[in-house]
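>>> Below is the structure, and that's it, no one-letter string:
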């Protein structure tokens with residue numbers, strides 16, 4: 001193993017095990033930075049572990065690979081038998097991989113002015129959290145080099161969304177480092193680069209490996225070109241991850257060792273689930289001003305799984321303040337991690353019959369794969385299959401199944417009352433939680449019946465030893481009816497959303513329509529008063545009037561020079577009610593009349609009901625309703641598993 005045939009004065013490269021002069025800073029064979037991959041301490045010949053931090057440097061006698069460099073080749077000077085054994089345990093393949101380089105900004109200066117123990121603690125926390133984040137997205141840490149991290153996706157096992165995973169991890173790393181600095185009282189930032197391309201991968205017998213090739217050096221140079229707090233990617237990465245990640249051009253970068261400038265893009269934010277699923281048709285405003293709240297939700301979710309305890313987080317805020325957007329950002333995040341998650345989502349309607357447990361019944365319907373309109377027999381078969389899949393005990397299945405059918409309105413509730421129903425529903429979620437964290441997201445909880453609130457409290461009280469994460473979204477009216485909601489149980493906490501700052505609101509506006517005149521921006525900020533939906537509705541109104549048009553993924557004035565007069569033509573309403581009225585006034589008279597008829601039917605309505613109300617046949621109504629959906633006056637429920645499938649709703 002290491003140490004065979006080396007002079008006492010030499011030092012060994014931890015990357016390729018080559019012999020180097022004592023004062024070498026970089027390896028003469030592979031170019032890697034010399035020293036321990038974790039702390040940088042020089043490595044002496046024959047060492048199996050770093051003398052400073054204890055990192056394993058070589059494989060043990062049984063052949064297990066090191067944590068940082070599992071595929072290091074046997075030294076050329078080792079006996080032929082040793083070289084043959086090492087060769088037999090690994091193979092080199094050409095693969096398309098994704099390489100992430102991340103580097104702390106200004107760490108060298110910080111190290112020179114801080115106590116070594118403080119620096120060591122910072123490094124340890126940084127490496128630990130970096131490894132955790134990279135692992136969440138299915139990546140492998142290739143090495144730690146001083147204050148830099150190199151991670152790999154695509155080897156030894158490739159996935160079709162590896163590029164997206166790498167960019168998601170890079171964005172999380174950039175977000176994590178300033179928070180770590182705040183914990184330790186230092187100003188920290190990180191920059192990152194992600195590159196997709198072909199490389200030589202040395203895959204060992206244990207399934208781990210080392211990647212080499214020009215793209216590794218290029219990825220490192222790309223990281224160096226990134227501004228602090230940003231992520232730069234190459235063209236192949238942008239094309240592979242562009243469905244789920246928003247990018248903006250960062251121009252051509254001159255990278256050391258490359259004969260021609262390299263086109264680069266800056267990763268901005270996640271805009272959809274994996275592969276672009278559920279990406280909004282309309283431009284999604286940037287997510288601003290809620291970073292701390294989103295981090296809190298992520299931490300609570302991961303703590304739920306780590307500790308195996310039920311938690312409830314109640315988000316409370318007025319209409320339009322961003323509760324649903326926070327839940328959507330959490331859903332996009334969790335969809336990207338490699339952990340299995342049982343995700344459930346439901347909404348409490350504001351009217352109608354039999355809506356006591358509507359949100360809960362939505363969750364069970366979607367879990368069973370039921371579509372709107374499925375008959376009783378289809379429902380029974382789907383529920384039986386669902387319970388059979390997730391509840392192993394036959395006696396429990398016989399007890400749970402009829403109580404779920406009662407929730408879905410297919411059968412009468414068995415004896416035992418609410419306590420028996422609650423216990424059966426809870427037990428089903430507990431059985432799911434044996435295999436992965438269960439998440440329940442309930443929107444518009446202020447419209448819920450007390451029965452649903454009682455069940456959620458029952459769940460929190462009795463499922464204490466199961467990883468079940470409950471997120472509820474509600475307006476402040478809920479607290480008038482249920483004082484103390486979200487704070488009066490162990491494992492329950494509430495978070496009140498305040499209006500956004502003017503800075504965040506300005507960032508939101510410029511992210512959607514960067515060419516808006518300053519006078520119009522100032523007027524919107526004044527009237528919106530920190531409520532993001534007001535600003536978004538203003539942009540939608542200008543689009544509906546034809547005064548703003550979409551260009552290259554953003555909205556701009558319809559004609560050159562028209563932006564200067566937009567603020568003169570627009571009277572921004574002081575409330576959302578007036579703002580919606582202004583949007584409606586921009587519609588043709590016939591469409592306004594149609595919407596007035598629809599409003600009589602309630603928040604949601606069917607084509608059949610509107611036909612009866614307006615007297616207009618459905619054949620002519622549907623094209624007009626589709627146009628109103630495109631204008632984002634209405635939405636259409638298209639989920640085949642949703643009870644409201646095929647119904648229109650007012651935005």
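Good, I have the coordinates. Just so it is clear, the model here is predicted, and its values are computed rather than measured.
>>> Nearest residue to residue 549 in space, please, no chain neighbours.
residue 558 (4.9 Å; Cβ to Cβ, 6 or more residues apart in numbering). All C-beta spots, glycine's among them, are computed from the backbone N, C-alpha and C.
>>> Longest helix in this protein, by number of residues?
helix 162-184 (DSSP state H).
>>> Name the residues of it that are buried.
162-178, 180-181 (16 or more other Cβ atoms under 10 Å).
>>> again with stretch 457-468
Per 16+ other Cβ under 10 Å, stretch 457-468 contains these buried residues: 457-460, 463, 466-468.
>>> Mind checking which of those are in strands?
With DSSP state E as the criterion, strands contain residue 468 from among the buried residues of stretch 457-468.
>>> how about the buried residues of stretch 457-468 in JSON lines, adding pLDDT and distance to residue 294?
Converted to JSON lines, the buried residues of stretch 457-468 look like this (pLDDT from 0 to 100; distance: Cβ to Cβ, whole Å):
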{"residue": "457", "pLDDT": "94", "distance to residue 294": "26"}
{"residue": "458", "pLDDT": "95", "distance to residue 294": "28"}
{"residue": "459", "pLDDT": "95", "distance to residue 294": "24"}
{"residue": "460", "pLDDT": "93", "distance to residue 294": "22"}
{"residue": "463", "pLDDT": "88", "distance to residue 294": "25"}
{"residue": "466", "pLDDT": "95", "distance to residue 294": "24"}
{"residue": "467", "pLDDT": "96", "distance to residue 294": "20"}
{"residue": "468", "pLDDT": "97", "distance to residue 294": "20"}
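>>> any idea how far the helix or strand in which residue 326 is found is from the chain center?
Per DSSP states H and E: residue 326 is located in helix 323-336. Relative to its chain's centre, helix 323-336 lies at 6 Å (Cα atoms, centre = their mean, to the nearest Å).
>>> where exactly do the helices run in the stretch 401-550 of the chain?
Counting by DSSP state H, counting those that start in this stretch, one finds helices in the stretch 401-550 of the chain at the ranges 417-433, 450-462, 477-481, 502-512, 518-528, 532-544.
>>> Most tightly packed of those?
helix 532-544 (a mean of 22; mean count of other Cβ atoms under 10 Å).
>>> list the helices and strands it packs on?
Applying 3 or more Cβ pairs under 8 Å, 6 or more residues apart in numbering; DSSP states H and E, one finds that helix 532-544 contacts helix 502-512, helix 518-528, strand 548-551, strand 554-557, helix 576-585.
>>> among the helices and strands of the protein, which has the poorest mean pLDDT?
Least confident helix or strand, the chain: helix 80-88 with a mean of 42, by mean pLDDT, DSSP states H and E.
>>> Under a three-state scheme, what state does residue 292 occupy?
Using DSSP: H, G, I helix; E, B strand; the rest coil, the structure places residue 292 in helix.
>>> For residue 218, find the nearest of the helices of the stretch 401-550 of the chain.
helix 502-512 (30.1 Å; Cβ to Cβ).
>>> Residue 268 reaches residue 246, doesn't it?
Yes: shown here, residue 268 and residue 246 form a contact pair, counting by Cβ atoms under 8 Å, at 4.4 Å.
>>> the more surrounded of the two?
residue 246 (20 against 16; other Cβ atoms under 10 Å).
>>> Remind me what the helix or strand where that one lies packs against, helices and strands.
Per DSSP H and E, residue 246 falls inside strand 245-253. Judged by 3+ Cβ pairs under 8 Å, 6+ apart, strand 245-253 is in contact with helix 162-184, strand 231-233, strand 262-270.
>>> Show me what the shortest one is packed against.
Using 3+ Cβ pairs under 8 Å, 6+ apart as the contact definition, the elements that strand 231-233 packs against are helix 162-184, strand 190-204, helix 214-225, strand 245-253, strand 262-270.
>>> now those in a markdown table, with mean pLDDT?
Formatted as a markdown table, these follow (pLDDT from 0 to 100):
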| stretch | mean pLDDT |
| --- | --- |
| helix 162-184 | 92 |
| strand 190-204 | 85 |
| helix 214-225 | 88 |
| strand 245-253 | 91 |
| strand 262-270 | 93 |
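>>> Can you lay out those as JSON lines showing distance to residue 594?
Output for these, formatted as JSON lines (distance: least, Cβ to Cβ, whole Å):
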{"stretch": "helix 162-184", "distance to residue 594": "42"}
{"stretch": "strand 190-204", "distance to residue 594": "49"}
{"stretch": "helix 214-225", "distance to residue 594": "54"}
{"stretch": "strand 245-253", "distance to residue 594": "35"}
{"stretch": "strand 262-270", "distance to residue 594": "37"}
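>>> Out of the ones you listed, which is closest to residue 519?
strand 245-253 (26.0 Å).
>>> List the neighbouring strands of that closest one plus their orientation.
With DSSP bridges as the test, strand 245-253 is paired with strand 262-270 (antiparallel).
>>> Turn the helices of the stretch 401-550 of the chain into a markdown table, columns for distance to residue 143.
As requested, the helices of the stretch 401-550 of the chain are exported to a markdown table (distance: least, Cβ to Cβ, whole Å):
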| stretch | distance to residue 143 |
| --- | --- |
| helix 417-433 | 36 |
| helix 450-462 | 44 |
| helix 477-481 | 51 |
| helix 502-512 | 36 |
| helix 518-528 | 47 |
| helix 532-544 | 42 |
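>>> Among these, which comes closest to residue 120?
If you check each of these against residue 120 by Cβ to Cβ, helix 502-512 wins as the nearest, at 36.5 Å.
>>> So which bits of stretch 278-295 are buried?
Neighbour-count burial for stretch 278-295 [16+ other Cβ under 10 Å]: 283-290, 293-294.
>>> no wait, stretch 385-404
386-387, 390-391, 397, 399-404.
>>> just to revisit the earlier point, the residue nearest to residue 549 against residue 547, yeah?
Yes: taking Cβ under 8 Å as the definition, residue 558 is a contact partner of residue 547 at 5.8 Å.
>>> So of the buried residues of stretch 278-295, which two are at opposite extremes in space?
283 and 293 (22.6 Å).
>>> quick one on the thing from earlier: who's more crowded, residue 558 and residue 547?
The residue with more neighbours, out of residue 558 and residue 547, is residue 547; 19 against 16, by other Cβ under 10 Å.
>>> Hmm, residue 557 and the more buried one touching each other?
Yes: between residue 547 and residue 557 there is a contact under Cβ under 8 Å: 6.9 Å.
>>> And the buried residues of stretch 385-404, which two are furthest apart?
Longest span within the buried residues of stretch 385-404, Cβ to Cβ: 390 and 402, 16.1 Å.
>>> Distance from the chain centre to the strand holding residue 246, please.
With Cα atoms, centre = their mean, you get 20 Å for strand 245-253.
>>> contact partners of that strand?
Strand 245-253 has contacts (Cβ atoms under 8 Å, 6 or more residues apart in numbering) with 164, 167-168, 222, 225, 232-233, 238, 241, 261-271.
>>> rewinding a little: for residue 191, find the nearest of the helices of the stretch 401-550 of the chain.
Closest among the helices of the stretch 401-550 of the chain, using Cβ to Cβ: helix 502-512, at 20.6 Å.
>>> Mind giving me the packing neighbours of the helix or strand harbouring residue 361?
Counting by DSSP H and E, the element that carries residue 361 is helix 358-368. Applying 3+ Cβ pairs under 8 Å, 6+ apart, one finds that helix 358-368 contacts strand 341-347, helix 376-390, helix 394-407, strand 437-443, helix 450-462.
>>> And these: which comes nearest residue 496?
strand 437-443 (16.8 Å).
>>> and the closest one with helix 450-462, angle?
Counting by axes from the mean of the first three to the mean of the last three Cα atoms, to 10 degrees, strand 437-443 lies at 150 degrees to helix 450-462.
>>> what about the nearest residue to residue 148 once chain neighbours are set aside, how many residues close to it?
Closest residue in space to residue 148, ignoring its immediate chain neighbours: residue 103 at 4.4 Å, by Cβ to Cβ, 6+ apart. The local packing of residue 103 (other Cβ under 10 Å) involves 21 other residues.
>>> Please apply the same query to residue 330.
22.
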